[in-house]
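Participant: A predicted structure for the sequence below; I have some questions about it.
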Amino acid sequence: MSWWVRLIIFRGRDRGRGNVDLWPRTVHTSCFHRPRIGPALTFGLAVLVGVGLWQTSGGRGPAYVAIVREPVGIMGTSCRLLVVVRQSDQSTADVALAQAEAELSRVEALMSTWIDRSEISRFNAAEANQPVPLSPATRDVLQAARAAHQATGGAFDVTCRPVIELWRQADSLPSDLAINQARKSSNWSQVDLSQPAATKRETTTRVDLGGIAKGYAIDRAIGALRESGVAGGSVDVGGDLRCFGRPPEGPTWRIQVRDPWDDGVCGVFEITAGAVCTSGGYMRFTEIAGRRYGHIIDPRSGRPVDQAASVTVVAPTAQAADTWATALS
């Protein structure tokens with residue numbers, strides 16, 4: 001079954017306040033059929049739910065409350081978990097929030113390149129033809145990443161980590177030769193996922209799931225909230241979020257998109273359920289010779305992207321929104 005994603009793209013080449021070519025537009029694009037295909041990264045998104053406790057009954061029927069938890073240290077960024085429950089059932093909220101946080105931490109422990117003992121770090125450090133056992137979760141995300149590579153014509157490619165490292169560590173502009181060598185050192189043709197243990201054909205092959213694993217983790221956390229029986233909830237990690245069920249206030253979840261050129265808001269919209277992820281290079285960047293280069297690399301050119309200051313995607317799952325926000329950047 002095909003489905004749709006909504007895109008909000010903000011473009012601009014000049015960061016000066018008076019000369020920014022900033023224009024929002026909303027378009028629709030048909031997404032590929034997904035086994036579990038699914039954002040970046042993704043910055044500049046906030047859900048207007050606040051922090052604390054609200055009564056939402058309006059005097060009609062049982063009172064509902066929204067309870068928020070903000071765990072520290074999840075994926076190195078901000079994290080906000082929210083559940084809506086009956087006022088008399090706050091113990092359910094405590095269990096649901098704990099389970100959602102545990103899911104986020106579990107995925108991070110498996111797939112983060114910042115954790116030396118994660119499965120992805122062990123795969124990256126392995127020698128050629130050395131089997132590396134993978135959990136079903138990590139294998140699923142890698143398979144989804146490979147499908148996304150094909151569906152996006154190579155715009156989404158988790159095997160371009162050597163190029164990411166090249167730009168991250170550069171104190172001068174990388175040469176064309178260095179970029180080409182880094183790109184050739186790692187690609188999907190060198191990765192074998194046909195066996196329970198993954199192998200790579202070249203020692204230089206490395207992957208980075210930063211453009212998809214956070215979305216997957218958010219979906220897992222949402223699943224934990226749903227299974228707990230809460231009336232509604234949302235999971236927001238670093239500005240990427242997914243929500244479902246009864247909102248804390250009103251009939252819809254109200255979302256605001258951060259202006260990539262300023263500290264304000266450049267757009268507000270409402271959804272009843274689904275995921276919203278934003279990708280842009282304005283929050284994380286490398287400065288070389290006085291110029292800023294965003295952290296998002298086009299794997300086809302091996303260079304930082306500069307066509308879209310911000311891309312926001314609305315999709316049924318956070319994994320889909322996360323992936324497509326990165327690819328469309």
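Facilitator: All right, it came through fine.
Participant: ok, residue 66 touching residue 87?
Facilitator: No: applying C-beta atoms under 8 Å, one finds residue 66 not in contact with residue 87, separated by 10.5 Å. In this view, the C-beta of every residue, glycine as well, is placed from N, C-alpha and C.
Participant: Just give the number of residues close to residue 226.
Facilitator: When neighbours are defined as other C-beta atoms under 10 Å, residue 226 has 15 of them.
Participant: again with residue 136
Facilitator: What residue 136 shows, counting by other C-beta under 10 Å, is a neighbour count of 8.
Participant: Ok, residue 76 next?
Facilitator: Taking other C-beta under 10 Å as the criterion, the count of residues near residue 76 is 10.
Participant: Next up, the contacts around it.
Facilitator: Residues in contact with residue 76, defined by C-beta atoms under 8 Å, 6 or more residues apart in numbering, are residue 114.
Participant: hmm, try it at 10 Å
Facilitator: 108, 112, 114, 238 (C-beta atoms under 10 Å, 6 or more residues apart in numbering).
Participant: go on, residue 271?
Facilitator: Applying C-beta under 10 Å, 6+ apart, one finds that residue 271 lies in contact with 6, 47, 242-243, 247, 252-255, 314.
Participant: Redo those residues as JSON lines? Include secondary structure and pLDDT.
Facilitator: Below are the contacts of residue 271 laid out as JSON lines (DSSP: H, G, I helix; E, B strand; the rest coil; pLDDT from 0 to 100):
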{"residue": "6", "secondary structure": "strand", "pLDDT": "50"}
{"residue": "47", "secondary structure": "strand", "pLDDT": "33"}
{"residue": "242", "secondary structure": "strand", "pLDDT": "97"}
{"residue": "243", "secondary structure": "strand", "pLDDT": "97"}
{"residue": "247", "secondary structure": "coil", "pLDDT": "94"}
{"residue": "252", "secondary structure": "coil", "pLDDT": "94"}
{"residue": "253", "secondary structure": "strand", "pLDDT": "94"}
{"residue": "254", "secondary structure": "strand", "pLDDT": "91"}
{"residue": "255", "secondary structure": "strand", "pLDDT": "89"}
{"residue": "314", "secondary structure": "strand", "pLDDT": "94"}
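Participant: Out of these, give me the one that has the most neighbours.
Facilitator: residue 242 (30 neighbours).
Participant: so it touches residue 224, yeah?
Facilitator: No: contact status for residue 242 versus residue 224: not in contact, 12.0 Å apart, counting by C-beta atoms under 10 Å.
Participant: what touches both of the two?
Facilitator: Common neighbours of residue 242 and residue 224 are listed as 233, 235 (criterion: C-beta under 10 Å, 6+ apart).
Participant: In terms of helices and strands, where is residue 209?
Facilitator: Residue 209 belongs to no helix or strand when assigned by DSSP states H and E.
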